[in-house]
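Enquirer: no FASTA, just this:
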Ligand code: F6P
């Protein structure tokens, strides 16, 4: 079998451990893996490269993706997908394994439906927002990166008795913010799923300061709003009578760097399950992880609403006294 492999959308730490696991499992059993560069862009432009076990040596601890990635808008148009399918046929590719987030899995579903070719997806996104799977590869590293950064910010926040707004990633969802907020002991977590009223924030700051708190750290999910705007809003409302106000956007440092042991481990397992499912005859779906078990879920389920951990969110409110 010739298996095509691609990584698409935002890179996620741990993608390389998946690539490594798939290439090595396949080679061991006499199958071939063709890497497709820059995600769906490489499919359209026929940018293919054969991958051997030696090519994936030493990549397990590397962030990003050795296959490169892109957010390829052209793949939404049928004319470009047709071109991609022609390339797949010409290259003799029998099946695909596709790594990425929500948009990527949508693309994978289209390929499976329109070509009838076996396609297996693997959820990789630091946002951890794919439904029907507790875990998406990359999330643990992003949370660790953000926690380390906020621990550092806290030193300044305390020393200067400041109010800090720290914006974390999560395009539409607050998974990173909730976990990072709880793990850093944030005074307030702002996420799109819990519409904490902006007008109530000054009150919370006042309350905390009157209880003797030296600093006030707000972990703001990008899906709730923008750190600079919130800084301006608070300065307008309360000035700096409770402490100087600063904001920081953590940005892409969250997505980069060496994957944690958990992302390496989960990446490896996700990769092996994807490969084995394909060999066992699975034709369409993504690898999901729930209650300690891996299984193949229908692509359309990935798009359902995935609930956040509301208990963790409430627990943080309870402890921020
Ligand atoms: O989906 C992952 C993610 O990192 C989001 O958290 C963020 O909103 C987005 O990608 C940023 O995308 P880009 O790297 O294309 O700016």
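Expert: Sure thing, it's come through. All figures in this text were calculated on a predicted structure; none of them were measured in a lab.
Enquirer: burial count for the one residue in the stretch 1-150 of the chain that gets nearest to the ligand?
Expert: Going by CB to the nearest ligand atom, the ligand is nearest to residue 10 of the stretch 1-150 of the chain, at 3.6 Å. Quick note: C-beta positions are derived from backbone N, CA and C, even for glycine. By the criterion of other CB atoms under 10 Å, residue 10 has 20 neighbours.
Enquirer: and the residue lying closest to residue 140 once chain neighbours are set aside, how close does it get to residue 150?
Expert: Nearest residue to residue 140, sequence neighbours excluded (CB to CB, 6 or more residues apart in numbering): residue 262, at 4.3 Å. From residue 262 across to residue 150, the span is 19 Å (CB to CB, to the nearest Å).
Enquirer: between these two, who's got more neighbours?
Expert: Neighbours were counted for residue 262 and for residue 150 using other CB under 10 Å; residue 150 has more, 23 against 16.
Enquirer: for the more buried one, pull up the helix or strand it's in.
Expert: Residue 150 belongs to helix 139-159 when assigned by DSSP states H and E.
Enquirer: run through who's touching that helix.
Expert: 12-14, 63, 125-128, 162-164, 166, 168-169, 175-176, 179-180, 183-184, 186, 214-217, 219, 248, 250, 253-260, 262-263, 266 (CB atoms under 8 Å, 6 or more residues apart in numbering).
Enquirer: among those residues, which are in strands?
Expert: 163-164, 166, 168, 216-217, 219, 248 (DSSP state E).
Enquirer: dihedrals phi and psi, the residue of the stretch 1-150 of the chain closest to the ligand?
Expert: Main-chain dihedrals, residue 10, degrees, to the nearest 10: phi -60, psi 130.
Enquirer: quick check: it touching residue 103?
Expert: No. In this structure, residue 10 is not within contact of residue 103 by CB atoms under 8 Å, at 9.3 Å.
Enquirer: what do the two both touch?
Expert: In contact with both residue 10 and residue 103: residue 71, using CB under 8 Å, 6+ apart.
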